[in-house]
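Q: no sequence for this one, just the structure:
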């Protein structure tokens, strides 16, 4: 798809119907990498800073959304465990 075709396609599904996930900004680069590796460019859209320390990822297809949420839950749990271990070492 050309860049213009990608933009046109995204506009169609974003205006009609999409699946949305909210992510933490600490994992932004990992989120972007996952989307690039597992989805076609025209099937996802990432908006930065839609909330305090939060980004929003929108998917055209439910299977991309489900796969992302499964991966993200694992990443988020690992990130929180690492932070808890660091805090316990600092204290």
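A: Structure received. Fair warning: this is a prediction, and the values are worked out from it, not measured in the lab.
Q: Every contact and neighbour count from this point should use C-alpha atoms.
A: Noted.
Q: what sits against residue 49?
A: Taking Cα atoms under 8 Å, 6 or more residues apart in numbering as the contact definition, residue 49 lies against 25, 55-56.
Q: export those residues to CSV and tack on pLDDT?
A: Rendered in CSV, the data for these read as follows (pLDDT from 0 to 100):
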residue, pLDDT
25, 91
55, 94
56, 93
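Q: for residue 22, which residues make a bridge with it?
A: The partner list for residue 22 in beta bridges (DSSP bridges) reads residue 56.
Q: how near is it to residue 39?
A: Remark: distance between residue 22 and residue 39 (Cα to Cα, to the nearest Å) = 17 Å.
Q: next one: residue 72
A: Counting by Cα to Cα, the separation of residue 72 from residue 39 is 15 Å.
Q: cool, and residue 13?
A: 15 Å.
Q: For the contacts of residue 49, which entry has the maximal number of neighbours?
A: The most crowded member of the contacts of residue 49 is residue 55, carrying 20 neighbours; neighbours defined as other Cα atoms under 10 Å.
Q: shouldn't that residue be in contact with residue 24?
A: Yes. Using Cα atoms under 8 Å, residue 55 makes contact with residue 24 at a distance of 6.1 Å.
Q: what pLDDT, on average, does the lengthiest strand in the chain get?
A: Once the chain is assigned using DSSP state E, the strand that runs over the most residues is strand 44-51. Confidence over strand 44-51, taken as the mean pLDDT, stands at 93.
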